[in-house]
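Novice: build me a model from this:
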Amino acid sequence: MNSPAPSRASRPIAMPFISAQRAIPRRQFLRGVGVALSLPLLNAMLPAFARAAAPGTATPRRMLAICNNLGLLPEQFFPAQAGRGYALSPYLEPLRAHRDDFTVFSGVSLPEVDGGHPSDICFLTGAPGPGRGGFRNTISLDQFAAEHIGNLTRFPSLTLGVNSTKNLSWTGSGAMLPSDEKASEVFSRLFVQGTPQEVERQVKKLELGKSVLDGVADQAKSLQRSLGARDRERLEQYFTSVRELEKRMGAAREWEHMPKPKTTATAPIDPDNPKAYLEKVRLMYDMARLAFESDSTRLVTLMLDSVSSPAIDVAGTAITDAYHSLSHHGKSAAKLTQLVAIDQEHMKLLAKLLGDLKAGHEGNDTLLDRTMVLYGSNLGNANTHVNTNLPVFFAGGGFKHGQHLAFDRSRNYPLTNLYVSMLQRLGIPSDKFATSTGTMRGLEAGPG
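Specialist: This next block holds a predicted model:
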């Protein structure tokens, strides 16, 4: 007996599957599918830049999601008291000036997302079981949102990384989107207009891609009449993804001919040393802010791959061990001192980001009022590799902040409920994402 199909947001788009009752050359058909599945990786060159909102239209809302895959020391991050008026923890102290602009969560996790370090790829998908054999990821929060609002901007989303070997953004077909790791290249994509010849070459690439998609769709459609009901359903899902890609590619061709926005910001200089990890983080925060200010995109993800980072540079503190090694401190005083220094720098950079967003204005709101900033980790305690009691910080976006929402640390509350609240704040009418059970309890949206 067939079980009910999971919701669109909780599963990948299924690849077309040809049943055994039909003798079709499998390799020939997979060649066609391979072309289609690779095309979502063109996301970086796709989409749209909807300059400032036209008079009479709503001011846009945005989202920046950041994952530090080594997390934060729990005893330094979580406040001792719940509710409003709580005493700031040592790690939240650098954010004192913004305490009414953020909410801290404790006792939250991603249900059934386990496996220690491999769980970082599920931070925005909530897909269960990343450490198990045969795991296949599902669509990430940003890409789910991009399917609804990505057409409104030049880039449906930006996927950024620091020292990253893996990313936060995943398509509906379970493919990981490549990340941009050089701030200079992000800046160029946002603001540097290509020559007429370069623009024309890019348009021709997009046109070629569309013709390939058309050919694949025709090939697959000819098989449809001889398939069973279950295979036809899966094939229709395939056609849907093809049509979505064609629509995006059509929009991309239009945007290639439109001028890019101007900025007074200076092009960044990329550090050439992985030890300059914190400087890379600062630059990526700047790129996200510039992308939002110019309305080049409304959805940005940033993977801070601390696992893959060496002994990084921290002003005033001698860091002798690789970041990952420090996270496995075993309560060593020397390692903890270094780890606290790194975590404190993360909090200072986060404070600067919030300050920079508050300094920008759109109408009567600040840019922070219009931008949700999610900062968290897939690990509740990197020293023990646990995936429960995750450190989660959530700022801006027009919510009523200034509180510590404390949930049960033994029976964690679904972090995916926050994702539903974020989708709804973006104007996306969704009441379900991955393992969610509703919206985030205790988090109220303000007016507007």
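Novice: alpha carbons only for contacts and neighbour counts from here, please
Specialist: Fine.
Novice: just the buried residues of stretch 131-148, please?
Specialist: For stretch 131-148, a neighbour-count test (16 or more other Cα atoms under 10 Å) marks 137-146 as buried.
Novice: ranges for the helices of this protein?
Specialist: 26-38, 74-77, 141-149, 183-191, 196-221, 229-256, 277-293, 323-327, 333-359, 416-425 (DSSP state H).
Novice: pick out the shakiest of the ones you listed, pLDDT-wise.
Specialist: Of all those, the minimum mean pLDDT falls on helix 26-38 (a mean of 34).
Novice: show me what contacts the closest residue to Leu418 other than its chain neighbours?
Specialist: Excluding the flanking residues, the one nearest Leu418 by Cα to Cα, 6 or more residues apart in numbering is Met440, at 4.7 Å. Contacts for Met440 were tallied using Cα atoms under 8 Å, 6 or more residues apart in numbering; they are 415, 417-418, 420-421.
Novice: low-scoring stretches of the stretch 51-200 of the chain, by residue?
Specialist: Residue ranges of the stretch 51-200 of the chain with pLDDT under 70: 51-58, 193-200.
Novice: Thr165 - how many residues pack around it?
Specialist: 13 (other Cα atoms under 10 Å).
Novice: residue ranges of each domain in this structure, please.
Specialist: Under the assignment automatic domain parsing, the domains of the chain span 23-57+195-258, 59-193+270-441.
Novice: between these, which gets nearest to Pro447?
Specialist: domain 59-193+270-441 (7.4 Å; Cα to Cα).
Novice: ends of the closest one, what's the gap?
Specialist: With Cα to Cα, to the nearest Å as the measure, domain 59-193+270-441 spans 26 Å from end to end.
Novice: just checking the distance from it to the centre of its chain.
Specialist: Here domain 59-193+270-441 is found 8 Å from its chain centre; the criterion is Cα atoms, centre = their mean, to the nearest Å.
Novice: from Met372, how far out is the spatially most central residue of the chain?
Specialist: In the chain, the residue lying closest to the centroid (Cα atoms, centre = their mean) is Thr301, at 3.3 Å. Distance, Thr301 to Met372, by Cα to Cα: 12 Å.
Novice: overlap in contacts, the two.
Specialist: Contacts common to Thr301 and Met372, judged by Cα under 8 Å, 6+ apart, are Leu64.
Novice: number of residues surrounding the closest residue to Arg96 other than its chain neighbours?
Specialist: In this structure, Arg96 finds its nearest non-sequential neighbour in Leu88, 7.6 Å apart by Cα to Cα, 6+ apart. The local packing of Leu88 (other Cα under 10 Å) involves 19 other residues.
Novice: repeat that for Pro261.
Specialist: Pro261: 17 neighbours (other Cα under 10 Å).
Novice: ok, now how distant is the closest residue to it other than its chain neighbours from Thr263?
Specialist: Spatially, and ignoring its direct neighbours in sequence, Pro261 is nearest to Phe191 (5.8 Å; Cα to Cα, 6+ apart). Per Cα to Cα, Phe191 is found 7 Å from Thr263.
Novice: mind checking which of the two has more residues around it?
Specialist: Higher neighbour count among Phe191 and Thr263: Phe191, with 20 against 14, using other Cα under 10 Å.
Novice: tell me the one of the buried residues of stretch 131-148 nearest Val281?
Specialist: Comparing the buried residues of stretch 131-148 against Val281 with Cα to Cα picks out Asp142 as the nearest, at 19.6 Å.
Novice: show me the contacts for the closest one.
Specialist: Residues near Asp142 by Cα under 8 Å, 6+ apart: 124, 157, 169, 299-301.
Novice: please redo it, this time with the cut-off set to 7 Å
Specialist: The contact partners of Asp142, by Cα atoms under 7 Å, 6 or more residues apart in numbering, come to 169, 299.
Novice: hmm, back to that, surely the residue nearest to Pro261 touches Ala265?
Specialist: No - between Phe191 and Ala265 there is no contact under Cα atoms under 7 Å: 9.9 Å.
Novice: most neighbours among the contacts of Met440, please name it.
Specialist: Result: Leu415 is most packed of those (other Cα under 10 Å), 26 neighbours.
Novice: my guess is that residue contacts Ser106, does it?
Specialist: No - with contacts counted by Cα under 7 Å, Leu415 stays clear of Ser106, the gap being 9.9 Å.
Novice: and the gap between the residue nearest to Leu418 and Leu415?
Specialist: 8 Å.
Novice: again, but for Pro156
Specialist: 24 Å.
Novice: show me what contacts the residue nearest to Pro261?
Specialist: 260-262.
Novice: same thing with Thr125?
Specialist: With Cα under 7 Å, 6+ apart, Thr125 has these contacts: 138-141, 434.
Novice: again, but for Ala145
Specialist: Leu423.
Novice: and the residue nearest to the centre of the chain, what pLDDT?
Specialist: pLDDT, read off for Thr301, is 98.
Novice: my guess is it meets Ile66, correct?
Specialist: Yes - using Cα under 7 Å, Thr301 makes contact with Ile66 at a distance of 5.9 Å.
Novice: from Leu374, how far out is Asn68?
Specialist: Applying Cα to Cα, the value for Asn68 to Leu374 is 11 Å.
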